[in-house]
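Asks: Return atomic coordinates for the entry below.
(chains A and B)
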Protein chains: 2
Amino acid sequence: MAYSDRGIGIAGAPPRVVGADADWSEFARSQRVKTQRVAEHDAIFYEGDPADRVYELIEGAVMLFKLLPDGRRQVVEVIAPEALFGVVGGKLYDCNAETLTPSVVRILDRRDLEASDKFQSHVAECLRRQIERLHDHAVLLGRKSAFERVATFLMRFVPSRGQAGCLGPQGDKDEQLIELTMTRQEIADYLGLTIETVSRVISDLKRRGLVAIEKQDRIRITDVCGICHLTGTH
Amino acid sequence: MAYSDRGIGIAGAPPRVVGADADWSEFARSQRVKTQRVAEHDAIFYEGDPADRVYELIEGAVMLFKLLPDGRRQVVEVIAPEALFGVVGGKLYDCNAETLTPSVVRILDRRDLEASDKFQSHVAECLRRQIERLHDHAVLLGRKSAFERVATFLMRFVPSRGQAGCLGPQGDKDEQLIELTMTRQEIADYLGLTIETVSRVISDLKRRGLVAIEKQDRIRITDVCGICHLTGTH
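Replies: Numbers count the residues shown, from 1 in each chain, chains lettered A, B, ... in the order given. Below is the predicted model:
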């Protein structure tokens, strides 16, 4: 893990207010909280490490994964900015955390966090949203086909579409350029698929005119509604 | 949902202290908290209902599940006593809750709960443990074989074994009688399998002398170590 010597909060722009929680914002700006840069694909913590820190992602992307003894890997969560991670019930981290892109994390002392009831409200709010995402992911892993899994993954990058109240395509083209920030193997390990299946599904979506591949990790969805209808959710 | 007229807390034994949290215990005993019996296979809430209540399971078992529009079902969690459920980030429940057995639940007003920072500590603690279980379940759904899934499910009922520091079989026989409390279809929907696969795997475990089926929902594990070694975790 590449530490920067200077906290981003001091060196850079004034720290962002995360959510509407003023207590949290004050805590996050306090002297006891460090902010650090982490390079791409660096480990932040390992499963089984003492869980004495909690992390808040400020910039970038982080994956949480677990390994089976024979090396099979399951990415259990992909963390987006403003989310907390490393919040566990026991004394040890229950999974590994690794950056997907260069990232900035805020490092919080677990004891400080747990000593204060008022910060627990913010933690509980983050955890509640996390649990809803984990429920959705269980449906994907347990019940969705390979096409539905990849389509659901692609729609993660178009949060304004596909939800209740979605207005559908606005204008002539229903396109969206997305940066995956994950390798095919990481996507496979997140979606419970093999790398071959992920590649085959993406090639098939391309053949059907639903996506165009601009680079390995940059995909243009050329028919957002078309991909959305493949998610199994409609 | 079958409501009892009298709160169990008043009619029955004095309420149990849940965890070591005295604040929580006091809150749970207060006049504003109702305790109710729910019959087997009754709905407690539906996905999309206003999430204005939080539930604590006192006795019994509850499953949380989500449905895809074509009827595919994924059981995302099986709730055991002392756990909270119905704790969501948004205004609506993100999944359905249904009892597996006759159950007793404590019904808490969400606003009361969220208004108090000190209760949020207890909620956050429950959610942290819930997230660890959801991570494990994602590994099961995403990466484990049918045999590993069923073996992992069976070992849920033998919590004293298979963890770090497990002492192995004590005595001559390494047996454990378990009550599944779930139908084959519910188990299949929890494990991301078909009912045929669940039945086939259980028959195969029986043929291999690892389990004996005493009733449809009562299984005697006749070789706990043997089942444990099939979980994929060792």
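Asks: what does the domain assignment say about chain A?
Replies: Here the domain parsing of chain A from automatic domain parsing is A:8-143, A:146-228.
Asks: Deepest in the core, which of the ones you listed is it.
Replies: Comparing the domains of chain A by mean neighbour count (mean count of other CB atoms under 10 Å in any protein chain shown), domain A:8-143 ranks first with a mean of 18. Placement of C-beta: from N, CA and C, glycine included.
Asks: taking the mean pLDDT, what do you get for that one?
Replies: For domain A:8-143, the mean per-residue pLDDT is 87.
Asks: Just give me how far it sits from the chain centre.
Replies: 10 Å (CA atoms, centre = their mean, to the nearest Å).
Asks: That domain near chain B anywhere?
Replies: Yes - judged by CB under 8 Å from any CB of the partner chain, domain A:8-143 comes into contact with chain B at A:64, A:66, A:68-70, A:72-74, A:76-77, A:87-90, A:94-95, A:114, A:117-118, A:120-121, A:123-125, A:127-132, A:134-139, A:141-143.
Asks: Does the residue at the greatest distance from the centre of chain A belong to a helix, a strand or coil?
Replies: Most distant residue from the mean C-alpha position of chain A: A:Asp172, 30.9 Å away (CA atoms, centre = their mean). At A:Asp172 the chain is in coil, as set by DSSP: H, G, I helix; E, B strand; the rest coil.
Asks: Okay, and A:Arg37 sits in which element?
Replies: Here A:Arg37 sits within strand A:34-38, counting by DSSP states H and E.
Asks: Could you look up the SS state of the closest residue to A:Ala97 other than its chain neighbours?
Replies: Once flanking residues are discounted, A:Ala97 sits nearest to A:Ile44: 4.1 Å by CB to CB, 6 or more residues apart in numbering or on different chains. With three-state DSSP as the basis, A:Ile44 sits in strand.
Asks: need the contact list for A:Ile44.
Replies: A:1, A:38, A:55, A:62, A:86, A:97-99, A:105 (CB atoms under 8 Å, 6 or more residues apart in numbering or on different chains).
Asks: With secondary structure as added columns, please give these in TSV.
Replies: Shown next, in TSV, are the contacts of A:Ile44 (three-state DSSP):
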residue	secondary structure
A:Met1	coil
A:Val38	strand
A:Tyr55	strand
A:Val62	strand
A:Gly86	coil
A:Ala97	strand
A:Glu98	strand
A:Thr99	strand
A:Val105	strand
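Asks: which residues in chain A form helices?
Replies: Per DSSP state H, chain A carries helices over the ranges A:8-11, A:22-28, A:110-115, A:117-143, A:146-155, A:184-191, A:195-207, A:224-228.
Asks: what about stretch A:214-225, start to end distance?
Replies: With CA to CA, to the nearest Å as the measure, the first residue of stretch A:214-225 is 20 Å from its last.
Asks: Just the residues contacting that stretch, thanks.
Replies: With CB under 8 Å, 6+ apart, stretch A:214-225 has contacts from A:154-155, A:158, A:161, A:168-169, A:173-184, A:202, A:209-213, A:227.
Asks: So which of the residues you listed belong to strands?
Replies: When the contacts of stretch A:214-225 are checked against strands (DSSP state E), the matches are A:176-179, A:211-213.
Asks: want to throw the residues you listed into TSV with pLDDT and distance to A:Asp49?
Replies: Putting those into TSV (pLDDT from 0 to 100; distance: CB to CB, whole Å) gives the following:
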residue	pLDDT	distance to A:Asp49
A:Gln176	94	38
A:Leu177	95	37
A:Ile178	94	33
A:Glu179	93	30
A:Val211	97	38
A:Ala212	97	42
A:Ile213	95	37
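Asks: Among those residues, which one lies nearest to B:Leu193?
Replies: Ranked by distance to B:Leu193 (CB to CB), those are led by A:Val211 at 30.8 Å.
Asks: follow-up on the earlier one: which one of the domains of chain A lies closest to B:Ile195?
Replies: Nearest of these (CB to CB): domain A:8-143, 13.5 Å.
Asks: What separation is there between A:Gly90 and B:Gln130?
Replies: 13 Å (CB to CB, to the nearest Å).
Asks: now A:Phe153
Replies: Taken as CB to CB, the span from A:Phe153 to B:Gln130 is 24 Å.
Asks: Over to A:Pro69?
Replies: 25 Å.
Asks: Name the residues that touch stretch A:59-66?
Replies: Residues contacting stretch A:59-66 (CB under 8 Å, 6+ apart): A:38, A:44, A:47, A:55, A:73-81, A:85, A:94-105, A:181-182, A:186, A:189-190, B:135-136, B:138-139.
Asks: quick revisit: as JSON lines, the helices of chain A with distance to B:Arg218 would be great.
Replies: JSON lines is the format used below for these (distance: least, CB to CB, whole Å):
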{"stretch": "helix A:8-11", "distance to B:Arg218": "58"}
{"stretch": "helix A:22-28", "distance to B:Arg218": "49"}
{"stretch": "helix A:110-115", "distance to B:Arg218": "41"}
{"stretch": "helix A:117-143", "distance to B:Arg218": "25"}
{"stretch": "helix A:146-155", "distance to B:Arg218": "36"}
{"stretch": "helix A:184-191", "distance to B:Arg218": "36"}
{"stretch": "helix A:195-207", "distance to B:Arg218": "39"}
{"stretch": "helix A:224-228", "distance to B:Arg218": "45"}
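Asks: With respect to B:Arg110, which of those helices lies nearest?
Replies: Nearest of these (CB to CB): helix A:117-143, 10.7 Å.
Asks: thinking again about what came up before, strand partners (parallel or antiparallel) of the strand holding A:Arg37?
Replies: strand A:103-109 (antiparallel) (DSSP bridges).
Asks: Please save the CA atoms from the partner strand in CSV.
Replies: Extracted in CSV, the C-alpha atoms of strand A:103-109 (Å, rounded to 0.1, in the frame of the first residue of the first chain):
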residue,chain,number,x,y,z
SER,A,103,-7.7,5.6,-5.0
VAL,A,104,-7.9,7.9,-2.1
VAL,A,105,-9.1,6.5,1.2
ARG,A,106,-9.9,8.0,4.6
ILE,A,107,-8.6,5.8,7.4
LEU,A,108,-10.6,5.8,10.6
ASP,A,109,-9.7,4.3,13.9
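Asks: A:His229 - how many residues pack around it?
Replies: If you count neighbours by other CB atoms under 10 Å in any protein chain shown, A:His229 ends up with 14.
Asks: Look up how far chain B lies from it.
Replies: 11 Å (CB to the nearest CB, to the nearest Å).
Asks: again, but for A:Thr222
Replies: 25 Å.
Asks: any idea how far the spatially closest residue to A:Ser121 that is not a sequence neighbour lies from B:Arg149?
Replies: Once flanking residues are discounted, A:Ser121 sits nearest to B:Gln120: 4.3 Å by CB to CB, 6+ apart. Here the criterion is CB to CB. By it, B:Gln120 lies 34 Å from B:Arg149.
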